[in-house]
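Trainee: test case, fold it:
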Amino acid sequence: ALTSSDVIDFILILGDTLNAGIPSDSSVDASKITANVITGQSALGATPADTDELLISDAGTLKRVDYSYLKSTAVTRPNVSPLWYNGDMAISQRGTSFTGVTGSGQDAYYVDRMYMYMNNIGTWTFIQESLTSGNAYDAGFSKAYRVDCTTADASPAASDAFWIGMKFEGQDLQLIRKGTSSAQKMTLAFWVKSNKTGTGQVNFRDTDNSRMCSGTYTISSANTWEHKVINIAADTTGTFNNDTSESMQVQWWLDSGSNNTSGTAPTAWEADNNADRCANNLSLADNTANDFAITGVQLEVGEYTSSTLPPFQHETYAENLLRCQRYCVRWEADQSYSGFAQMAATTSGEAQAAIQLPVAMRTASPTFNSDGNFELYGENASPNVTSLSTATAECGKRVFHLKCGATLTQGSGYLLRSDNNTSAWIQIQTEL
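Mentor: Next comes the predicted model:
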């Protein structure tokens, strides 16, 4: 018999079912849902298809979302460290300001890893600039690489050219899979500021196979830091060599003569074509008021937009410096008698030292440079150094062999130090 506490949800009246109420949301739990409500109950054994849907709760409302959307918002870099070296322009071992730069076939590194090529087009100052305000500063960048025109060339000769950029080892580019059926697209992003507005051009040059692909960007507001994102197509033709030699250059063209300006910027890979290299010419050399600054450079594998671009990979200063020292190691005097190396007099006219390097350099045959006055400080005398060089044949990728010429006591030990000056330096390079 029914009691007063019994609840009847459904009553059969004359063969019809009368719904006496709808269960509340809180009363429906897993125990009341049969397993066959959800199809495909087995565990997912493969990556979902882009059209597969997942259920999510949006502030309590259940919604469907395609896996392709979730995948596009995830950061899935194949590289642990940044592909671009010193993208925040924080490392500048060689100095922070270089004036009066001009000439024929000039090529140099000022801010670390940023290569400059110039051929008879104006005179320039190159600066590692400190930032204290602006959009790039607000995005976390306190340094930039800046180029100032100090002598104009408004009518460059046909072969004149000027660009800045970076060179890459082939072994660092294997993850792009260039030249294969699974070749990857690339995305270049950077912050840029110039007094000039207009369209500029960036070239990706495959120097192993003499091929190129380009992207363009527009400087919309003068003297304002703007963020740019450029997509570069995949290339199934021509693989990068898997070695320590140069395989690719990325070039921001800043000005050029007619040899490089009469074509069109290729958005698909093509055979190298001089006419296409600076089809979008900023003409930065046409006035001494002109400048160009860049920072926050990142190179990503894959195609991204400004809204899907992964965050910039900020490194510590120490990590950044160590990576740059694969290509350049510089020792500088920081006081009047700064010590550089402990040396032994192997003859009465020469002392030698083996210096452990902070990281394996690109090759075992570095280019050696030095400047300033040095002396060899010993127990009984401190002779001036008459020559300073390296024994290239005795160098390794992790050891630098230094030689000094002076009047010495054979078999004695000496300290190589700056001779009462703070401007002395020693530098070795294995740049591409």
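Trainee: now do the helices in this structure.
Mentor: All helices of the chain, identified by DSSP state H, fall at 67-73, 135-138, 317-324.
Trainee: ok, Asn86 touching Tyr109?
Mentor: No: taking CB atoms under 8 Å as the definition, Asn86 is not a contact partner of Tyr109, at 10.3 Å. Any C-beta I mention is one placed from the backbone N, CA and C, and that applies to glycine too.
Trainee: confidence score at the nearest residue to Gln249 once chain neighbours are set aside?
Mentor: Nearest non-adjacent residue to Gln249, counting by CB to CB, 6 or more residues apart in numbering: Arg205, 4.5 Å away. Model confidence at Arg205, given as pLDDT, is 98.
Trainee: neighbours of Arg205, just the number please.
Mentor: Arg205 has 21 neighbouring residues, counting by other CB atoms under 10 Å.
Trainee: for Gln251, see how far away it is.
Mentor: Distance of Arg205 to Gln251, given as CB to CB, to the nearest Å: 7 Å.
Trainee: same thing with Arg323?
Mentor: Distance from Arg323 to Gln251, by CB to CB: 21 Å.
Trainee: wait, Tyr109 sits on Phe126?
Mentor: No: if you go by CB under 8 Å, Tyr109 and Phe126 don't touch, sitting 9.8 Å apart.
Trainee: need the overlap of contacts for these two.
Mentor: Shared contacts of Tyr109 and Phe126 (CB atoms under 8 Å, 6 or more residues apart in numbering): Met116.
Trainee: list the buried residues of stretch 244-254.
Mentor: 244, 246-254 (16 or more other CB atoms under 10 Å).
Trainee: kindly report the same for stretch 296-313.
Mentor: Neighbour-count burial for stretch 296-313 [16+ other CB under 10 Å]: 296-302, 304, 309, 312-313.
Trainee: what's in contact with it?
Mentor: So stretch 296-313 is in contact with 72-73, 75-79, 81-84, 87-88, 136, 139-141, 166, 175-176, 184-191, 227, 229, 231, 250, going by CB under 8 Å, 6+ apart.
Trainee: got a PyMOL select line for the buried ones in these?
Mentor: Per 16+ other CB under 10 Å, the buried members of the contacts of stretch 296-313 correspond to this PyMOL selection:
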select buried, resi 82+83+84+87+88+136+141+166+176+184+186+187+188+189+190+191+229+250
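Trainee: cross the contacts of stretch 296-313 against strands and list the overlap.
Mentor: Using DSSP state E, the subset of those located in strands is 166, 186-191, 227, 229, 231, 250.
Trainee: any idea how far stretch 86-98 is from the chain center?
Mentor: Distance of stretch 86-98 from its chain centroid, counting by CA atoms, centre = their mean, to the nearest Å, is 13 Å.
Trainee: for stretch 168-179, that is, sorry about that
Mentor: 14 Å.
Trainee: how about that stretch: buried residues?
Mentor: Residues of stretch 168-179 classed as buried by neighbour count (16+ other CB under 10 Å): 168-170, 172-173, 176-179.
Trainee: contacting residues for Glu379?
Mentor: With CB under 8 Å, 6+ apart, Glu379 has these contacts: Ser412.
Trainee: quick one, phi/psi of it?
Mentor: When read as degrees, to the nearest 10, the backbone of Glu379 gives phi -70, psi -40.
Trainee: in the sheet, who's paired with Ser387?
Mentor: Taking DSSP bridges as the rule, Ser387 bridges to Gly405.
Trainee: count the neighbours of it for me.
Mentor: Counted with other CB under 10 Å, the neighbours of Ser387 add up to 12.
Trainee: next one: Val80
Mentor: Under the neighbour criterion other CB under 10 Å, Val80 is assigned a count of 6.
Trainee: with Glu270 instead?
Mentor: When neighbours are counted by other CB under 10 Å, Glu270 registers 14.
Trainee: name whatever forms a beta bridge with it.
Mentor: Taking DSSP bridges as the rule, Glu270 bridges to Met212.
Trainee: need the contact list for it.
Mentor: Glu270 makes contacts with 211-213, 276, as judged by CB under 8 Å, 6+ apart.
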